[in-house]
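Asks: Got a predicted structure plus its sequence, pasted below:
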Amino acid sequence: DTGVSQNPRHKITKRGQNVTFRCDPISEHNRLYWYRQTLGQGPEFLTYFQNEAQLEKSRLLSDRFSAERPKGSFSTLEIQRTEQGDSAMYLCASSLREANTGELFFGEGSRLTVL
Amino acid sequence: SQQGEEDPQALSIQEGENATMNCSYKTSINNLQWYRQNSGRGLVHLILIRSNEREKHSGRLRVTLDTSKKSSSLLITASRAADTASYFCAMGLNSGNTPLVFGKGTRLSVIA
């Protein structure tokens, strides 16, 4: 079990550029979540998948944000036309629905800095 | 929106002392979980307490839940410098079919 893996760990980009983050969950986990965390705050829910289906999206997820999990394994989170307000840590987590506890296993996060 | 509030926002104690963090929430829950986050890292699950439970223990951790007051507390006994981290409560709002809602966290500093 290698845990949840996120890449890249750090991304610095200029305002207006597009960025993409990748998350590889724990292999047997069928649920995958994206959260955003800004300095001094708790994680805020963005979206989650069960297998390849995107089941819920937060109002925080503007139309510049898109997430996919095409084969029910890894997921990507793309931010188009980045803004300085997008600077944050983007956390991915996975879980096993059948565990029925909602316990999440987090990756180390991808830190985005928009200049 | 975040539905949990931790108190205090920051806590500084000496090694060996106990640390108590409180969490209040607004809606009915199925379970409440506590997570730990070292600076710049991901979150790690510590302990889960279900809505029909009042107290749970795990090693040096003790969690209580009072659903009538919509509050929980996390007690870390005999703290160590390595316990320095941020601690978050997270609310499970139903049987596990909705994402966890996190509070804003308590930053704990344990001074050796």
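Replies: Alright, I've got the coordinates. Residues are numbered from 1 along each chain as shown, chains lettered A, B, ... in the order given.
Asks: element containing B:Ala57?
Replies: If you look again at residue B:57, you'll see it is His, not Ala. Assigned by DSSP states H and E, B:His57 belongs to strand B:55-58.
Asks: State the mean pLDDT of that strand.
Replies: In this model, strand B:55-58 has a mean pLDDT of 96.
Asks: now what about it, what contacts it?
Replies: Outside strand B:55-58, the residues that touch it by CB atoms under 8 Å, 6 or more residues apart in numbering or on different chains are B:Leu46, B:Ile47, B:Leu48, B:Ile49, B:Arg62, B:Val63, B:Thr64, B:Leu65. C-beta: built from backbone N, CA, C; applies to glycine.
Asks: same deal with stretch B:41-49?
Replies: Here stretch B:41-49 has contacts from A:4, A:43, A:91, A:93, A:101, A:103-109, B:31-37, B:55-56, B:58, B:61, B:63-65, B:72, B:74, B:87-88, B:92, using CB under 8 Å, 6+ apart.
Asks: related to what we said a few turns ago, between the contacts of strand B:55-58, which has the most around it?
Replies: Using other CB atoms under 10 Å in any protein chain shown as the neighbour test, the contacts of strand B:55-58 are led by B:Val63, with 24 neighbours.
Asks: is it true that it lies in a helix?
Replies: No - B:Val63: not assigned to a helix; according to DSSP: H, G, I helix; E, B strand; the rest coil it is strand.
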